[in-house]
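> Okay, here's the prediction I keep looking at, along with the sequence it came from:
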2 protein chains.
Amino acid sequence: MSEKKTSTSHHSAIKHVVSSLDSHAGFWLRFVSNYVSARFEASVAVERVSLSEWVALRSLFDTGASDPFALMRELGMTKGAVSKIITRLEEKGMVSRQTSAIDKRATQILLTATGKNLVPRLATLADENDALFFGHLSDKQRSELISVMKQIADMHDLKVVPVK
Amino acid sequence: MSEKKTSTSHHSAIKHVVSSLDSHAGFWLRFVSNYVSARFEASVAVERVSLSEWVALRSLFDTGASDPFALMRELGMTKGAVSKIITRLEEKGMVSRQTSAIDKRATQILLTATGKNLVPRLATLADENDALFFGHLSDKQRSELISVMKQIADMHDLKVVPVK
DNA sequence: TATTGTTATACTCTATAACTATA
DNA sequence: TATAGTTATAGAGTATAACAATA
């Protein structure tokens, strides 16, 4: 990696000292994170699944069934966006909608057999992707990294699973 | 943060053991990184600048002037996308286009006075944003974090400034 | 009236590819 | 023909808000 240092404007009478982009921890986090996500996105795309669809499927797998409101929380999206994601998954035969008998406004979302079989396969891809980028770290390094991230998440009360 | 452990499918005859989302380092990186970026995006939006526009402005500030091809490399985008970003910045009076005298096909992109004044202000926002999320870390923790990220970037030959 | 969910519309961002001008 | 850059088109993804059905 290049080692850009603080840069000084060379086109102005007044010198503005501006810290370099890559002096920020946030820069490096985004740099790596975007690659990790992009590669995973490409690997699940082979199974015709997008990142947000994966998070939805994963959530449904854990809970057995769910409703759009729960998915809104998981995905951090509006109900309109969630509705479209469910429709896409339905069209691919991975989930089905079922109107609640108790409250006919409410919908239950269920994984189909196809969806149930798919999730473990995608989870394996997630494992492999993580190993590719972080597998070389020592246990201590990995747990320190995760611990620092969790600490920041706690400090700022970050809650929604990030999709984008 | 929740401490989800390995989950076991409870709706299938065969039990699929699937590692939890948040057992992955990549999950936590994305989790934090997306918040850090989203907050910075919101803070530069006050100055009518998007993330990709910021990277372009920052690059132009460092180099004094540039051409679309150099920006393509910096931004990791196609020439069409870069052309549009330049047009947007031009419309906001932050950069100007100038046809090269030597090769009339080529364009130089220059920061205007407005653009030159803007970059240090945005850089301050970047500093503040980074401090907000990573300022509490010890010097050792911060440098260890950055060092791990740089190591991964080197290993996988990651090169383009990530924008999205 | 309030709530659940869908749908219509619009917007941002970017890729692809056709196109113009210059070399 | 090749290259620099623009523009037309399309697609993904999401928000907003209008809407229908149910409570």
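Great, that's in hand.

> element containing residue A:159, please.
Using DSSP states H and E, residue A:159 is not contained in any helix or strand.

> What pLDDT is listed against it?
At residue A:159, the model reports a pLDDT of 74.

> Check the one 3 residues further on too.
Confidence per residue is given as pLDDT, and for residue A:162 that number is 58.

> how close does the spatially closest residue to residue A:125 that is not a sequence neighbour sit to residue A:50?
Nearest residue to residue A:125 in three dimensions, chain neighbours excluded: residue A:43, at 4.7 Å (Cβ to Cβ, 6 or more residues apart in numbering or on different chains). Just so you know, the C-beta spots here come from the backbone N, C-alpha and C atoms, and that holds for glycine as well. Using Cβ to Cβ, to the nearest Å, residue A:43 is found at 12 Å from residue A:50.

> Tell me if stretch A:61-72 is near chain B.
Yes. Stretch A:61-72 lies within reach of chain B by Cβ under 8 Å from any Cβ of the partner chain, at A:61, A:62, A:64.

> so residue A:112 sits right up against residue A:92, yeah?
No. In this structure residue A:112 lies outside contact range of residue A:92 using Cβ atoms under 8 Å: 9.5 Å.

> thinking again about what came up before, packing partners for the helix or strand encompassing the residue nearest to residue A:125?
Element membership of residue A:43, judged by DSSP H and E, is helix A:25-45. For helix A:25-45, the elements it packs on are helix A:51-63, helix A:113-134, helix B:25-45, helix B:113-134, helix B:139-155, judged by 3 or more Cβ pairs under 8 Å, 6 or more residues apart in numbering or on different chains; DSSP states H and E.

> Just the residues contacting the first one, thanks.
Residues outside helix A:51-63 that contact it (Cβ atoms under 8 Å, 6 or more residues apart in numbering or on different chains): A:37, A:40-41, A:44, A:49, A:66, A:70-71, A:74-75, A:77, A:82, A:85-86, A:88-89, A:94-95, A:109-111, A:115-116, A:118-119, A:122-123, A:161, A:163-164, B:4, B:7, B:9, B:18, B:21.

> about what we covered before: and the residues of stretch A:61-72 next to chain B, which of them are buried?
Taking 16 or more other Cβ atoms under 10 Å in any protein chain shown as the criterion, what is buried in these is A:61, A:62.

> Output the residues of stretch A:61-72 next to chain B as CSV; include the columns pLDDT.
Listed next are the residues of stretch A:61-72 next to chain B as CSV, based on pLDDT from 0 to 100:
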residue, pLDDT
A:61, 92
A:62, 87
A:64, 74
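
> Tell me the one of the residues of stretch A:61-72 next to chain B nearest residue A:128?
Nearest to residue A:128 among the residues of stretch A:61-72 next to chain B, counting by Cβ to Cβ, is residue A:61 at 18.0 Å.

> Indicate which one of the helices and strands packed on helix A:25-45 is closest to DNA strand C.
Comparing the helices and strands packed on helix A:25-45 by their distance to DNA strand C (Cβ to the nearest atom of the strand), the top pick is helix B:25-45, with 8.2 Å.

> if I look at the residue nearest to residue A:125, how far off is residue B:100?
Residue A:43 is 43 Å from residue B:100, by Cβ to Cβ.

> Neighbour count: those two, which is higher?
Legend: neighbour count by other Cβ atoms under 10 Å in any protein chain shown for residue A:43 and residue B:100, higher for residue A:43 (17 against 11).

> Identify the residues contacting residue A:132.
Residue A:132 neighbours (Cβ under 8 Å, 6+ apart): residue A:39.

> confidence score at it?
For residue A:132, the predicted pLDDT is 95.

> next one: residue A:66
The per-residue pLDDT reported for residue A:66 equals 80.

> Would you mind measuring the gap between the ends of stretch A:21-29?
This stretch, stretch A:21-29, spans 12 Å end to end (Cα to Cα, to the nearest Å).
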